[in-house]
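# Need coordinates for the following:
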Amino acid sequence: MTLRFSVLTSGSTGNAFYIESEQEKWLVDVGHSGKKMDALFKEADVDPYGLSGILVTHEHSDHIKGLGVLARKYNLPIYANAKTWQAMESSLGKLSVDQKFHFETETVRTFGDMEIESFGVSHDAAEPMFFTFRSGGKKVALVTDTGYVSERVKKTVEDADAYIFEANHDVEMLRMGRYPWNVKRRILGDYGHISNEDSGLALSECITDRTECVYLAHLSLDNNMKDLAHMAVSQVLEERGIRIDVQDTDPHKPTAMRQIGEGFAHLKSELPHIG
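Model prediction:
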């Protein structure tokens, strides 16, 4: 085994991502209550007592709602950059000093057999950052909550075996939807979220021959649909000659545990030919 992961929950209401190697087991964000997280752990067959720690991307509630509760319950260390700690600490409740750690943006840290790299994104938070994970020659990239995908981010995440990548909204659904204009402007702006089409375009510049799969994440409940996101991203990729296994994520249930390299040839053989 090199890397296995499950998107435990993803969407406007809450986000959490689990990834493991032979030696390490990490959780990224805790966007639901402790009770809901325990149900997700059980469904994904993840033992929270075995976690190495929790990585925090930014302080928005759909990423830290159950963070304090979960960290206390399972005595887990929390890693975040200094500005995120400053923005979120008062909402977490009491934590012991030995649970608070800094993981600054644009740094690489090694934990056991896993190398974790952080990188900044463009979002309306104190200092939002996401991660790539490497172990056993494999690489998984997690990218959501960004208004656009910069060249620096593309360079950092390119050539991954798997992507968990934001496809937040359909632009026309958002424009015609019920949100007030100031919220729409925020989502569409450089510090908001990327659309289905922009997700496909960014992925087309990052995916290489080694890439096995893409999981579409952080879909808006009001301004997107799984089928619409799947179709839009796949179409953009196919127009650029890229055939890839595109998977959905869900706000209420985890994805099946995915092992990088497992069943890769089988999945590729089932994809339609693009002529």
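# Would you map the strands across the stretch 151-275 of the chain?
162-166, 213-217, 245-248, 258-259 (DSSP state E, counting those that start in this stretch).
# Relative to Gly189, which of these is closest?
Comparison of the strands of the stretch 151-275 of the chain against Gly189 by C-beta to C-beta identifies strand 162-166 as nearest, at 14.6 Å. Yep, even glycine has a C-beta here, placed from its N, CA and C like the rest.
# Can you tell me the element Phe101 falls in?
For Phe101, the host element (DSSP states H and E) is strand 100-102.
# coming back round to it: which of the strands of the stretch 151-275 of the chain is buried the deepest?
Across the strands of the stretch 151-275 of the chain, the average number of neighbours (mean count of other C-beta atoms under 10 Å) peaks for strand 162-166, which reaches a mean of 27.
# For that strand, what is the distance to the chain centroid?
Centroid separation for strand 162-166 versus its chain: 6 Å, with C-alpha atoms, centre = their mean, to the nearest Å.
# which other residues reach that strand?
With contact meaning C-beta atoms under 8 Å, 6 or more residues apart in numbering, strand 162-166 is reached by 3, 5, 7, 10, 17, 139-146, 157, 193-194, 199, 202-203, 206-207, 211-218, 249, 258, 260.
# Export only the CA atoms of stretch 137-149, formatted as CSV.
Taking Å, rounded to 0.1, in the frame of the first residue of the first chain, the C-alpha atoms of stretch 137-149 are listed here in CSV:
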residue,chain,number,x,y,z
GLY,A,137,6.3,7.3,-5.2
LYS,A,138,2.6,8.3,-5.4
LYS,A,139,1.0,11.8,-5.1
VAL,A,140,-2.4,13.0,-4.2
ALA,A,141,-3.5,16.7,-4.5
LEU,A,142,-6.3,18.4,-2.6
VAL,A,143,-7.5,21.7,-4.1
THR,A,144,-10.7,23.5,-3.1
ASP,A,145,-11.9,26.9,-1.9
THR,A,146,-10.1,29.0,-4.4
GLY,A,147,-11.4,31.8,-6.7
TYR,A,148,-8.9,30.8,-9.4
VAL,A,149,-6.0,28.3,-9.8
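# now the helices for the stretch 1-150 of the chain?
Counting by DSSP state H, counting those that start in this stretch, the stretch 1-150 of the chain has helices at residues 34-44, 61-64, 67-74, 82-88.
# Any buried residues in the helix ranked longest in the chain, and which?
The residue-count maximum for a helix in the chain (DSSP state H) belongs to helix 226-239. For helix 226-239, the neighbour count (16 or more other C-beta atoms under 10 Å) marks 228-230, 232-234, 236-238 as buried.
# now swap in stretch 124-144 and tell me
Neighbour counts over stretch 124-144 (16+ other C-beta under 10 Å) mark 124-135, 138-144 as buried.
# Now Ser195: closest residue in space that isn't a chain neighbour?
Spatially, and ignoring its direct neighbours in sequence, Ser195 is nearest to Val171 (5.0 Å; C-beta to C-beta, 6 or more residues apart in numbering).
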